[in-house]
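J.: Using only what follows, build the 3D model:
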Amino acid sequence: MRERTCRRRMYRLDPRARTPAQGPQQAFADAIDRHIEEHFGPVEFVYHEIASHLVGVHVHVVAPTEERPYRTLITSGMSELPMTVPEGHDISPYAELMLSLPADWPLTDAAGFGDETGWPLRILKQVARLPHEYGTWIGEWHSVPNGDPAQPYATDTPFAGVVVTPMLRVPPEARTIDVDGGIRIVLLALIPLHPEEIAAKVERGTDALIEVLDRGRITELLDPRRPSYA
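T.: Purely as a prediction, here's the structure:
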């Protein structure tokens, strides 16, 4: 079961002016690489970002394993800059994002972002860049609709937004990445939502959405055919 929370943030903001990314902090990149190998498995390939805005967001594709028989996508680069976390929130200003896909999801190192099935990759990058573009922060139970009104990410999917959640398919120690100097990166999951599930959060709050997710036993492993549980 998920913990109840009072956070109800929904993003509809104007982006900052475009600024080139400064490049990765090596200690952060190394810590993320080690963490992925230790807690998720071998990296199959990486979608590298060459030219980028504010931060360079790369996506590591972790191959299926016997313990985790599905692919896992994990960002690296969102933590190049700290998020703008308001005073009074006891969370790390550094974060990365993840979600998991069925092992047979059509994903290769030669094709992905521009394909019809590449929308999970695109939302990882979009949400990873969002706090830096808007001078804000991303935390558990923040939700990001795909436009206003929210539209499906692709013609063959009903999902039209995401909610940021803690990971459920990992041990607690996998949820944070330790960097030299006592810095900690929080690793958060993205769960795609149906329009009715987004509406449940907007109209009735975060606890209502948590009840929806618990009802469907929904985790960070995407089931592309799952119904709405709202």
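
J.: Scan this protein for its longest helix.
T.: Ranked by residue count under DSSP state H, the longest helix found in the chain is helix 119-134.

J.: That one packs against which elements?
T.: Judged by 3 or more CB pairs under 8 Å, 6 or more residues apart in numbering; DSSP states H and E, the packing partners of helix 119-134 are strand 58-62, strand 70-76, strand 95-102, strand 143-145, strand 161-165, strand 183-193. Bear in mind the C-beta positions are built from the backbone N, C-alpha and C, glycine included.

J.: What segments of the protein are helices?
T.: In the chain, the segments counted as helices under DSSP H are 26-39, 119-134, 195-204, 206-215.

J.: and the residue sitting furthest away from the middle of the chain, how far is that from Tyr94?
T.: Taking CA atoms, centre = their mean as the measure, the residue most remote from the mean C-alpha position of the chain is Gly181, 25.0 Å away. Here the criterion is CB to CB, to the nearest Å. By it, Gly181 lies 12 Å from Tyr94.

J.: same check, this time on Gly56
T.: When CB to CB is applied, the distance between Gly56 and Tyr94 equals 15 Å.

J.: Could I get the contacting residues of Pro131?
T.: Contact analysis of Pro131 by CB atoms under 8 Å, 6 or more residues apart in numbering lists Met78, Met83, Thr84, Ala95, Trp137, Ile138.

J.: before we move on, the earlier item: next one: the longest helix of the chain to chain centre, how far?
T.: In terms of CA atoms, centre = their mean, to the nearest Å, the gap separating the centre of helix 119-134 from the centre of its chain is 8 Å.

J.: Could you export stretch 76-94 as CSV, keeping only the C-alpha atoms?
T.: Presented in CSV, the C-alpha positions along stretch 76-94 are these (Å, rounded to 0.1, in the frame of the first residue of the first chain):
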residue,chain,number,x,y,z
SER,A,76,20.7,10.2,-16.0
GLY,A,77,21.2,14.0,-16.2
MET,A,78,18.2,15.4,-14.5
SER,A,79,20.4,15.7,-11.4
GLU,A,80,23.0,17.8,-13.3
LEU,A,81,21.3,20.8,-11.6
PRO,A,82,19.4,20.9,-8.3
MET,A,83,15.7,21.5,-8.4
THR,A,84,14.2,24.6,-6.7
VAL,A,85,12.7,23.0,-3.6
PRO,A,86,10.8,25.4,-1.4
GLU,A,87,11.9,25.8,2.2
GLY,A,88,10.3,23.4,4.6
HIS,A,89,10.3,20.4,2.3
ASP,A,90,12.8,17.8,3.7
ILE,A,91,13.6,16.2,0.3
SER,A,92,16.7,16.1,-1.9
PRO,A,93,16.9,18.7,-4.6
TYR,A,94,18.5,16.1,-6.9
